[in-house]
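[1] Sharing a model that was predicted from the sequence below.
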Amino acid sequence: MSDETQIDVLSASRLVFILFLLISCSSSSSEHLSRGYKFLDVSASLQQANGVFSHLTKHDYKPAVDLITNSSPLNFSLSISLHSRSSLLLTDYSQNYTTLTLSRLSRDKARVRSLLLNHPAATTVRRPEQLQSPVFSGTSQGSGEYFARIGVGQPANQYYMAIDTGSDVSWLQCDPCSDCYQQTDPIYKPSSSSTYKPLGCNTLQCAFLEVSACRTNTCLYQVSYGDGSYTVGNFATETISFGQYGSVPAVAFGCGHDNVGLFSGSAGLLGLGGGRLSLPSQIKATSFSYCLVDKDSRSFSTLEFNSAPPGDSVVAPMLKNALTSTYFYVGLTGISVGGRALKIPASMFDIGADGKGGVIVDSGTAVTRLRTEVYTLVRDTFKSMSPYLRSAGRFSLFDTCYDFSSETTVKVPMISFQFAGGKTLPVRPSNFLIPVDEKGKFCFAFAGTSGPLNIIGNLQQQGTRVTYDLANRNIGFSPNKC
């Protein structure tokens, strides 16, 4: 073989090798890029949104309860049905999904204002006022977007009650009503129950209330939610039942005779917070969990107590805030967009010595709120990684929206939460890009807040079983467990 021929062969070999490297690098880069993206099913989201008005009439759901119990009242496992607000709609919103969405976001804004006013960072000093009806009417807070079916009294009557991990006191509207809002079920009548018992002023339960008063040796309660909404009435004990197979006696609750601005559709509120008067605390549950169905779905899932968490749960530490026991703080350490970990200072998620800041998981807040600096970084990174998405301006509290009217599916950057311990929770695209009308306008469902508190809302929890392990102080997230 001549020298020229050898040179030609070597040149050809080098060219093949270079081409191989280029193809390999390109494939590797494409593979890496694909790992940071997922597809949003636009058609499925719009179909569900357009179907929300097909079930506006009241439905008679069965309790759907599974209960396992033994002779010890502290050792039981149970589950009860859990429904979205949409399945109990009392208003048709003129058959307009945009109007429905605006109503939801209005309730959500009021909910967040209420949380911030009751958060330790709030500067407002709350005084134990006399228990009487405030003179203002109160804006509808409507924080309850999900409802559990609970039996109250003996004989038991079933009621839809809004679940709330941001509250401790459970209460329901009681006859006689001096001021009650519209609800799906008949008003609870204490006189019709053989197990209703008013609490005295010197009882431990009465002492645990933040605001209470005494009248003829009967404990009175008042819970105000920061935005003018409130409930006032007698504090009592009653039997709470979970379907026809089990019950818990002497659970302290508020019998509300004067209730303004709260939870239209539900009979009251089921407090699932971390305080001493919450339902999990009173029944001495070691854990509880829920899985929230899509907000537009008429299907239901379950609220469970003392059930084993799914084996595939992403487990994060439950943190303590020395200034409040109600909220469930989680050890969030970072957020990634498109597979890229964002450079967020740890201080953005930390609970300060003054009780300010931190990250809570909340069933009542819809849209996840992030500190302004964090939200801006997440949003801008998402936009920079998806320049091909057609912008559609803003909508209400959402400042980033897209026009998907001509799309069936779209490829979008993934968003994931990182927790202490190195665990990562991917968020489904349908949980952070949501329709706001029937035509195909979708919005980036996060929002910024000027306050120090971050809130993981129920939109980002949809389709995920969230387990609050009270005994081991951790919070587990298991996708696709409804």
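    Cool, the structure landed.
[2] Which strand or helix spans the residue lying closest to G451 once chain neighbours are set aside?
    Nearest in space to G451, with sequence neighbours left out and distances taken as CB to CB, 6 or more residues apart in numbering, is L116 at 5.2 Å. Placement of C-beta: from N, CA and C, glycine included. Assigned by DSSP states H and E, L116 falls within helix 97-118.
[3] mind showing which ranges of the chain have poor pLDDT?
    The chain contains residues with pLDDT under 70 at 1-34, 54-76, 86-95, 118-144, 226-228, 244-245, 262-264.
[4] tell me how far the longest strand seen in it is from the chain's mean position?
    Identified as the longest strand of the chain according to DSSP state E is strand 247-260. Its chain's C-alpha centre and that of strand 247-260 lie 23 Å apart, by CA atoms, centre = their mean, to the nearest Å.
[5] how about the CA coordinates for the helix or strand following it, as CSV?
    Per DSSP H and E, the first helix or strand lying C-terminal to strand 247-260 is strand 268-271. Extracted as CSV, the C-alpha positions of strand 268-271 are listed here (Å, rounded to 0.1, in the frame of the first residue of the first chain):
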residue,chain,number,x,y,z
GLY,A,268,-68.6,23.1,58.1
LEU,A,269,-64.9,22.4,58.5
LEU,A,270,-62.8,19.4,59.5
GLY,A,271,-59.7,20.7,61.2
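[6] Give me the distance from whichever helix or strand comes after strand 268-271 to the chain's centre.
    Note on strand 268-271: by DSSP H and E, the next helix or strand toward the C-terminus is helix 279-282. Distance, stretch centre to chain centre, for helix 279-282: 19 Å (CA atoms, centre = their mean).
[7] contacts for helix 279-282?
    The contact list for helix 279-282 (CB atoms under 8 Å, 6 or more residues apart in numbering) reads 168, 170, 240, 248, 251-252, 270-272, 274-275, 285, 288, 305, 468, 470.
[8] just checking, what packs against the helix or strand just after that helix?
    Under the assignment DSSP H and E, the closest C-terminal helix or strand after helix 279-282 is strand 287-291. In terms of contacts (3 or more CB pairs under 8 Å, 6 or more residues apart in numbering; DSSP states H and E), strand 287-291 is packed against strand 300-305, strand 464-469.
[9] Among the ones you listed, which comes closest to F39?
    strand 464-469 (18.7 Å; CB to CB).
[10] Secondary structure class of K383, three-state.
    Using DSSP: H, G, I helix; E, B strand; the rest coil, the structure places K383 in helix.
[11] C401 is in contact with that one, correct?
    No. Using CB atoms under 8 Å, K383 is not in contact with C401, being 11.3 Å away.
[12] between these two, which one's more packed in?
    Ranked by neighbour count (other CB atoms under 10 Å), K383 and C401 place C401 first, with 22 against 16.
[13] From what I see, the residue nearest to G451 and P452 are in contact.
    No. With contacts counted by CB under 8 Å, L116 stays clear of P452, the gap being 9.4 Å.
[14] can you list the helices and strands packed on strand 287-291 in CSV and add distance to Q182?
    Below are the helices and strands packed on strand 287-291 laid out as CSV (distance: least, CB to CB, whole Å):
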stretch, distance to Q182
strand 300-305, 21
strand 464-469, 30
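[15] Between the ones you listed, which one is closest to I351.
    Nearest to I351, of those and by CB to CB, is strand 464-469 at 17.5 Å.
[16] Report all helices and strands that that closest one contacts.
    The contact analysis (3+ CB pairs under 8 Å, 6+ apart) places strand 464-469 against strand 287-291, strand 474-479.
[17] Let's have those strands in CSV, adding mean neighbour count.
    Shown next, in CSV, are these (neighbours: other CB atoms under 10 Å):
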stretch, mean neighbour count
strand 287-291, 23
strand 474-479, 23
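[18] Can I get those strands in CSV including distance to T231?
    As requested, the helices and strands packed on strand 464-469 are exported to CSV (distance: least, CB to CB, whole Å):
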stretch, distance to T231
strand 287-291, 23
strand 474-479, 28
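[19] so how far is L172 from Y196?
    Y196 is 12 Å from L172, where distance means CB to CB, to the nearest Å.
[20] again with L397
    Taking CB to CB, one finds L397 at 30 Å from L172.
[21] which of the two has more neighbours?
    Counted by other CB under 10 Å, L397 and L172 do not tie: L172 has more neighbours, with 27 against 17.
[22] what's the neighbour count on the spatially closest residue to K383 that is not a sequence neighbour?
    Nearest non-adjacent residue to K383, counting by CB to CB, 6+ apart: T400, 6.7 Å away. By other CB under 10 Å, the residues close to T400 number 21.
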